[in-house]
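1. What follows is a predicted structure for the sequence shown.
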Amino acid sequence: MPEDNIDHINFEDLNQNALSEPLVRHIYTADPSAHYFNGKIYIYPSHDVDAGEAFDDLGSHFAMEDYHVISMDSIDSEAVDNGVALHVKDVPWAKQQMWAPDANEKNGTYYLFFPAKDFEGIFRIGVAVSDSPTGPFKAQPNPIKNSFSIDPAVFKDDDDSYYMYFGGLWGGQLQRWQTGVFNPDQSESPTAFIPNDSEPALLPFVAKMSHDLLEFDEKPKEIQILDENGALLLSGDNDRRFFEAAWMHKHNGNYYFSYSTGDTHFICYAVGDNPYGPFTFKGRILNPVVGWTSHHSICKVEEKTYLFYHDSSLSKGVTHLRCIKKAEIKYREDGSIITLDPYQ
């Protein structure tokens, strides 16, 4: 249910039929990256604010300034806001737009990975460190070398290797890096440099992280997402091609790369046999929510797997004022995921 349909929505009926309730209501939250650390659930969302910015396809109205960490003692317990974990004013290299973050843990240290625009208006990805999963986090003085675009998601594999997945079209600037160098494109068109419909779609990226999780250990590589015939998904295949919100999880030894299709509002997934892919498209995890954006994470808690996602129901459809939610994911015997409808 993208934003252009909100005039026809009865929000009272929608909330009664919603798959889940907002986890927190006192602030607006989005893009929830959930992790299970030491027997507790920690969620690292964006913190939506109404900064009065103009609405545009570059996402200027997503003017977030800080991050809060939300914690839960169990999957059904109250969600607790642990306060500001990192503010843009405490990031030396960042000017604005603290968009969707992620976090991970290594040897008792916690790392917050986040995108922000630098003082040249280019999205970079930074790292901040804490000895607590709830922060506060201290940012590194510079972004990750050779980082670009948005939506970092850091996956820990079974061999204790860590990989960052990232990228986002339009306001996420991924299309401006096709030559390996940022193209400023003075027209500011969000679709400039997007391939034609009959050409392969732009791809997200993956890079193995350094031992200290502060830098890339290699040059980022494109992630191939293939159709059922082994061909790259096309740019015009808007219902299946990658747009933003990369995430990685494993199930029964297989690697599940999931993402948002952006302007068609689906959360989809593709499956491969290693962290670099290629990944073959398999289907949808979540159908469209109220609001324009859709962004998620997938987290195993004890013996069950949960989808953390957002919609704009708390603000009655205001696309940049969202609320985080959760729902259980279930698999079929063949490993495919049963698609969830956000409103039953």
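-> Ah, there it is.

2. who's in contact with the residue most central in space within the chain?
-> Closest to where the C-alpha atoms of the chain average out (Cα atoms, centre = their mean) is Ala245, at 3.4 Å. Neighbouring residues of Ala245 by Cβ atoms under 8 Å, 6 or more residues apart in numbering: Asp31, Ala100, Asp151, Gly168, Ser258, Tyr259, Ser260, Ile267, Ser294, His295, His296. C-betas here are computed from N, CA, C, even on glycine.

3. Of these, select the buried ones using a PyMOL command.
-> Applying 16 or more other Cβ atoms under 10 Å to the contacts of Ala245, the buried members can be selected in PyMOL as follows:
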select buried, resi 31+100+151+168+258+259+260+267+294+295+296
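
4. how about TSV for the contacts of Ala245, with secondary structure and distance to Gln140 added?
-> What follows is these, written out as TSV (DSSP: H, G, I helix; E, B strand; the rest coil; distance: Cβ to Cβ, whole Å):
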residue	secondary structure	distance to Gln140
Asp31	strand	21
Ala100	coil	19
Asp151	coil	19
Gly168	coil	22
Ser258	strand	28
Tyr259	strand	26
Ser260	strand	27
Ile267	strand	31
Ser294	coil	30
His295	coil	24
His296	coil	27
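
5. All the strands of the stretch 101-250 of the chain, residue numbers only.
-> 102-106, 109-118, 123-130, 138-139, 153-156, 162-166, 205-208, 221-222, 225-226, 244-251 (DSSP state E, counting those that start in this stretch).

6. could you dump the fifth one to CSV, C-alpha only?
-> Extracted in CSV, the C-alpha atoms of strand 153-156 (Å, rounded to 0.1, in the frame of the first residue of the first chain):
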residue,chain,number,x,y,z
ALA,A,153,24.1,-4.8,6.7
VAL,A,154,27.0,-6.7,8.3
PHE,A,155,26.6,-10.5,8.4
LYS,A,156,28.7,-12.8,10.6
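
7. What's the local residue count around Ala231?
-> 10 (other Cβ atoms under 10 Å).

8. likewise Pro342?
-> Pro342 has 24 nearby residues by other Cβ under 10 Å.

9. Surely it touches Leu286?
-> Yes - applying Cβ atoms under 8 Å as the test, Pro342 and Leu286 come out as touching, 6.5 Å apart.

10. before we move on, the earlier item: could you dump the strands of the stretch 101-250 of the chain into JSON lines with distance to Glu215 added?
-> Formatted as JSON lines, those follow (distance: least, Cβ to Cβ, whole Å):
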{"stretch": "strand 102-106", "distance to Glu215": "14"}
{"stretch": "strand 109-118", "distance to Glu215": "12"}
{"stretch": "strand 123-130", "distance to Glu215": "8"}
{"stretch": "strand 138-139", "distance to Glu215": "14"}
{"stretch": "strand 153-156", "distance to Glu215": "12"}
{"stretch": "strand 162-166", "distance to Glu215": "10"}
{"stretch": "strand 205-208", "distance to Glu215": "9"}
{"stretch": "strand 221-222", "distance to Glu215": "16"}
{"stretch": "strand 225-226", "distance to Glu215": "26"}
{"stretch": "strand 244-251", "distance to Glu215": "19"}
